[in-house]
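**Q** the following comprises the amino acid sequence and a computationally predicted model.
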Amino acid sequence: MNTFLLRLVACLFVVVSSSSHAALYDRGNGLIYDDVLDITWMQDANYAHTSGYDVANAVVGTYGSYYIAPGGRMGWEAANAWAAQLEYAGYDDWRLASAGNAPAFGYNATDGELGHMYYNNLGMTAGTSISHNMSFTDATPGGGTESFLNVQSYAYWYGEEYANEIAWGFHTSYGRVDANSKSDSNFTWAVRDGDVSSVPVPAAAWLFGSALAGLLVARSKNKE
């Protein structure tokens, strides 16, 4: 392999290595893009409460799958209905976080989107209770430290059923995937698929392009 090809392979290795790391991008207006899962998170992890939806639509009294309480907790059916009707920042395709293709009980499970958030994005360890506001590094060029807001140390609903009257959930108070009765009263965190803005060319792509251009120029000069 000649020197030019060796250098090109080295550049490709750098690009692949740079692209393999998880990153969160602050898209503004309370929207955070996850480039690994290719989903956009609400920055507010209890928007059902801060938006006033819980109070306006409260179903109090007997607990049930359609139960909604002031504070943002609700039953599983009510949680899915909340996400389905949500319109925010010009988007109306919100949903509850997904448990993934093969959810399993226990700790250190990152296949589900909440587990990925807890362990990979926020760097939590099993058995640790999450904080109200959780910081992360904004990967946007020139970005600094940002925070998810109103993250509750409690159970959050996943969007999928486990069986009959039971649905999957994730406990941010200690990092465990579990299943709960649909009539339990848990929190909700909305996500949507894809990014919310035209995505700038990733830094790794710029790096590769610049390196390739430099190699081509150098090769051209060597031939002169």
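**A** In hand now; what should we look at?

**Q** so Gln81: helix, strand or coil?
**A** Not quite, residue 81 is Ala, not Gln. The three-state label given to Ala81 by DSSP: H, G, I helix; E, B strand; the rest coil is helix.

**Q** show me what the helix or strand encompassing Ser147 packs onto, helices and strands only.
**A** In the assignment (DSSP states H and E), Ser147 maps to strand 145-148. With contacts taken as 3 or more Cβ pairs under 8 Å, 6 or more residues apart in numbering; DSSP states H and E, strand 145-148 sits against strand 134-137. Every C-beta, even on glycine, is put in place using the N, C-alpha and C of the backbone.

**Q** what comes up buried for the strand it packs on?
**A** Residues of strand 134-137 classed as buried: Met134, Phe136 (neighbour count, 16 or more other Cβ atoms under 10 Å).

**Q** put the alpha carbons of it into PDB.
**A** Presented in PDB, the C-alpha positions along strand 134-137 are these (Å, rounded to 0.1, in the frame of the first residue of the first chain):
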ATOM      1  CA  MET A 134     -29.000  16.800  35.200                       C
ATOM      2  CA  SER A 135     -26.100  18.400  33.300                       C
ATOM      3  CA  PHE A 136     -24.600  17.300  30.000                       C
ATOM      4  CA  THR A 137     -22.100  18.700  27.500                       C
END
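
**Q** who are the packing partners of the longest strand anywhere in the chain?
**A** When the chain is scanned for its longest strand (criterion: DSSP state E), the result is strand 155-163. Packing partners of strand 155-163 (3+ Cβ pairs under 8 Å, 6+ apart): helix 76-85, strand 95-96, helix 113-115, strand 166-171, strand 176-181.
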